[in-house]
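1. No letters, just coordinates:
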């Protein structure tokens, strides 16, 4: 349950969860298995999160991806928002990686570029997944 005055923080938490979920999909699609060990687990109060997700879907901020097995996967309907939130998570991921292992600035730059490229590829793929069912109707 979200208490009075805590709604903005709860919405940010759900958006961050969706961004991490998206970044994990982008990394696994590109075969970046090293990203899994640095992915930060993120738990949400399911009742409050489901209500927030409902309203985000109603406002067309995000939507469920078609044909996902297991835990529902959501994508932002606005690619710019998805990219921005994913880049924030990339920065968090890089901070964790640098803290645990000494990466040179050049290696950090290379990792960031690979992650950003994976994010852009995944955004394009998900845009097509959203467009295909809409065109079939």
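-> Structure received. On a predicted model such as this, the values are computed, not experimentally measured, just so you know.

2. Can you give the distance from stretch 9-22 to the centre of its chain?
-> 7 Å (C-alpha atoms, centre = their mean, to the nearest Å).

3. So that it lines up with my notes, have the first residue be 14 from now on.
-> In the new count, where the first residue is 14, that last one comes out as stretch 22-35.

4. What residues of it count as buried?
-> 23-24, 26-35 (16 or more other C-beta atoms under 10 Å). Any C-beta I mention is one placed from the backbone N, CA and C, and that applies to glycine too.

5. Just the mean pLDDT for that stretch, thanks.
-> Average pLDDT, stretch 22-35: 82.

6. Please spell out which residues along the helix or strand hosting residue 130 are buried.
-> Per DSSP states H and E: residue 130 is located in helix 118-149. Using 16+ other C-beta under 10 Å as the test for burial, helix 118-149 gives 124, 128, 131-132, 135-136, 139, 142.

7. Quick check: nearest residue in space to the most centrally placed residue in the chain, chain neighbours excluded?
-> Note on the chain: the residue nearest the mean C-alpha position is residue 32, at 2.1 Å, using C-alpha atoms, centre = their mean. Leaving aside its sequence neighbours, residue 32 sits nearest to residue 98 (C-beta to C-beta, 6 or more residues apart in numbering; 3.7 Å).

8. How about the contacts made by that neighbour?
-> Residues near residue 98 by C-beta atoms under 8 Å, 6 or more residues apart in numbering: 28-29, 31-32, 35, 89.

9. ok, now how distant is it from residue 116?
-> 23 Å (C-beta to C-beta, to the nearest Å).
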